[in-house]
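Novice: Provided below for reference: sequence and predicted model.
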There are 2 protein chains.
Amino acid sequence: MKIAIDAMGGDNAPKEIVLGVMEAAKQFKDVEFILFGKEEAILEHLTDKTRVTIVHTDEKIESDDEPVRAVKRKKNASMVLAATAVKDGEADACISAGNTGALMSTGLFVIGRIKGIERPALAPTLPTISGKGFVMLDLGANSDAKAEHLLQFGLMGSIYAEKVRKIDRPRIGLLNIGTEETKGNELTKKAFELMKEQTAYHFVGNIESRDLLMDVADVVVTDGFTGNMVLKSLEGTGAAFFSMLKMSLMNSFKNKLAAGVLKKDLLALRAKMDYSEYGGACLFGVQAPVIKAHGSSNAHGIFTTIRQARDMIQKQMVETIKSEIDQGKLGGETI
Amino acid sequence: MKIAIDAMGGDNAPKEIVLGVMEAAKQFKDVEFILFGKEEAILEHLTDKTRVTIVHTDEKIESDDEPVRAVKRKKNASMVLAATAVKDGEADACISAGNTGALMSTGLFVIGRIKGIERPALAPTLPTISGKGFVMLDLGANSDAKAEHLLQFGLMGSIYAEKVRKIDRPRIGLLNIGTEETKGNELTKKAFELMKEQTAYHFVGNIESRDLLMDVADVVVTDGFTGNMVLKSLEGTGAAFFSMLKMSLMNSFKNKLAAGVLKKDLLALRAKMDYSEYGGACLFGVQAPVIKAHGSSNAHGIFTTIRQARDMIQKQMVETIKSEIDQGKLGGETI
């Protein structure tokens, strides 16, 4: 299999991207890599050219570029060329640590949607207290969603959780303001009805945002606006908590001593909540695996994301989505 | 002034409710109290009858009653009678620690909306790292909101922050998925336009949920669905962190010793994030102050909520909202 990689995306490009590819090339002998970006800069970090091709380009999408416009104008940007390689059948998946919005646009406009999936969804895996984690989608690909979209998000999340995360009969929950069936806004009430009726996945009903870290579901479905809000709330509260904890630990000599004793465990606690450990965010619903690695990814983060893409290709994630839709398991209206 | 109090609402009723009234009666000589509930049970805890009237009723709304139905059927419930006293001009404000949904329904159906405010909003004050806190609305009174509602929420929050929280020129922010003006879903994009145009309050633009605890605004406006989601995310993450921290602190003998040293500071940290310290949640947009005290309120929590109601009456919160609307400061369409 071949994986196309935007070597210029993210805070640590191209160095950490290339080092991540080197790590993956060593471990996965069945993968070939195509790197898109400045050849000279890439070569600086490339220690082994086995199964690695470089496609040179000077253009790149910046992190503050307006996504849709950037994708349309910068036709030779490393990210766009990586996606084009997938579209042209030269690669099976593509990865970038660059501008998230631009990668979503590239996935949608260059690679294109799966027939029957009306909207792609961005799906990271988020941490839980137990360390098991859960897949959440959509985290911002669409700000205004319809109930049918949420129904389809459930299917894609379920297939991913089962095939790639190896969870048997994954539990799919609908994020809502109460657990009762009658709770919610127009969108979630309608989505609940559709999700209850389908036969493609194991729907476990509404779940509340306060329980997200408690392993109440393996996949959590929501619209992109709410998902983005909730994700940033989790991140913000986590950051605030650690910042306050640090102030407490430093506010007296005896506290500093105690903090010294606890340091290792507190760092472990922090690492547990760092969801970059769970890999990149997948853009589900396009014709091939497209994965957004964290902007601050180091080599190991890129390696993890490559492994994720490899799993998605091997387990035929896209083909399975197509087949489930063709079998009409989402219910009458959506076929 | 007179404050009507549902003596039967909440986990610790009537004992803590009555004790809270006793604390307030001692401190606020300008307030008369009307307590609604089982007379015998109330009298058990009433140590001083000065400026306290009891209106006996056997009926009460349970915490798991379906709100709208309960309010319609239980016409003699302590909560409904308290609201009726306000409607009839026998009291100036009402307080309950009972069923939140039922209190919102009671406020809306019994006391009624302010003319020009299309939807009431539930507004608690939430903690920030600095201890200053911020008012957030709507937290669940309406699951489906229109941009005009958010515009009006901003006005009510601003008046409250200024009059009751004594913040000079409060900063009103719109909760959104990005800080840029063009970000958001249909609702927030439209609300942004309306809020930018009005002259009734100091709109500071979009704010992100990850910054909520960082004092970026004094009032944060959102729809009830999103508000509820975000609030529960904050609560859930906070609880998860303390639970994980506790596990870390207890996982070895040396950690336990260190935890002993830190105990006081960690409890203080936890208290800082406990927003019951900031008083109850106000139902803005009805014809008189209606406040929901926390279900688990102790006497001091009830006292705090009474002080809050007293402030709202003294500062003429409702009259100010009416006057600002009458002056057309929210812009043409909303008058």
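Specialist: Structure's in. What do you need?

Novice: rest of the way, CA atoms for contacts and neighbours
Specialist: Fine.

Novice: in the stretch 151-300 of chain A, which spans are helices?
Specialist: Assigned by DSSP state H, counting those that start in this stretch, the stretch 151-300 of chain A shows helices spanning A:186-197, A:224-250, A:253-272, A:299-314.

Novice: among these, which is nearest A:L46?
Specialist: Proximity of the helices of the stretch 151-300 of chain A to A:L46 was assessed by C-alpha to C-alpha; the nearest stretch is helix A:299-314, lying at 12.4 Å.

Novice: immediately after that closest one, which helix or strand?
Specialist: Next helix or strand after helix A:299-314 toward the C-terminus (DSSP states H and E): helix A:317-326.

Novice: Go through that next one and flag the buried ones.
Specialist: The neighbour-count criterion (16 or more other C-alpha atoms under 10 Å in any protein chain shown) identifies A:317-318, A:320-322, A:324-325 as the buried residues of helix A:317-326.

Novice: Please apply the same query to stretch A:256-264.
Specialist: Of all the residues in stretch A:256-264, those buried under the rule 16+ other C-alpha under 10 Å are A:256-259, A:261-262.

Novice: Please enumerate residues in contact with it?
Specialist: The list of residues contacting stretch A:256-264 from outside it, by C-alpha atoms under 8 Å, 6 or more residues apart in numbering or on different chains, reads A:249-250, B:249, B:254-255, B:258-259, B:261-262.

Novice: how about 7 Å then?
Specialist: Outside stretch A:256-264, the residues within contact range by C-alpha atoms under 7 Å, 6 or more residues apart in numbering or on different chains are A:249-250, B:255, B:258, B:261.

Novice: Same list, those residues, but as a markdown table with distance to A:G37 and pLDDT please.
Specialist: Compiled in a markdown table, those are given as follows (distance: C-alpha to C-alpha, whole Å; pLDDT from 0 to 100):
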| residue | distance to A:G37 | pLDDT |
| --- | --- | --- |
| A:L249 | 45 | 86 |
| A:M250 | 45 | 86 |
| B:N255 | 49 | 88 |
| B:A258 | 51 | 86 |
| B:V261 | 54 | 86 |
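
Novice: ok, which pair from the residues you listed is furthest apart?
Specialist: When the contacts of stretch A:256-264 are compared pair by pair using C-alpha to C-alpha, the farthest-apart members prove to be A:M250 and B:N255, with a separation of 16.7 Å.

Novice: Report how many residues lie close to A:I129.
Specialist: For A:I129, the tally of surrounding residues (other C-alpha atoms under 10 Å in any protein chain shown) stands at 17.

Novice: wait, A:G184 sits on A:L175?
Specialist: No: under the criterion of C-alpha atoms under 7 Å, A:G184 is not in contact with A:L175, lying 9.3 Å apart.

Novice: Would you point out the helix or strand in chain A whose mean pLDDT is lowest?
Specialist: Lowest by mean pLDDT, DSSP states H and E among the helices and strands of chain A is helix A:253-272, with a mean of 86.

Novice: With just CA atoms, put that one into PDB.
Specialist: Extracted as PDB, the C-alpha positions of helix A:253-272 are listed here (Å, rounded to 0.1, in the frame of the first residue of the first chain):
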ATOM      1  CA  PHE A 253       8.000  25.500  50.500                       C
ATOM      2  CA  LYS A 254       6.300  22.400  52.000                       C
ATOM      3  CA  ASN A 255       4.000  22.200  49.000                       C
ATOM      4  CA  LYS A 256       7.000  22.300  46.700                       C
ATOM      5  CA  LEU A 257       8.500  19.400  48.600                       C
ATOM      6  CA  ALA A 258       5.300  17.400  48.400                       C
ATOM      7  CA  ALA A 259       5.000  18.200  44.700                       C
ATOM      8  CA  GLY A 260       8.500  16.800  44.200                       C
ATOM      9  CA  VAL A 261       7.300  13.500  45.500                       C
ATOM     10  CA  LEU A 262       4.200  13.500  43.300                       C
ATOM     11  CA  LYS A 263       5.800  14.800  40.200                       C
ATOM     12  CA  LYS A 264       6.100  11.600  38.300                       C
ATOM     13  CA  ASP A 265       2.500  10.600  39.000                       C
ATOM     14  CA  LEU A 266       1.200  14.000  38.100                       C
ATOM     15  CA  LEU A 267       3.000  14.000  34.800                       C
ATOM     16  CA  ALA A 268       1.500  10.600  34.100                       C
ATOM     17  CA  LEU A 269      -1.900  11.900  34.900                       C
ATOM     18  CA  ARG A 270      -1.400  14.800  32.400                       C
ATOM     19  CA  ALA A 271      -0.100  12.400  29.700                       C
ATOM     20  CA  LYS A 272      -3.300  10.300  30.200                       C
END
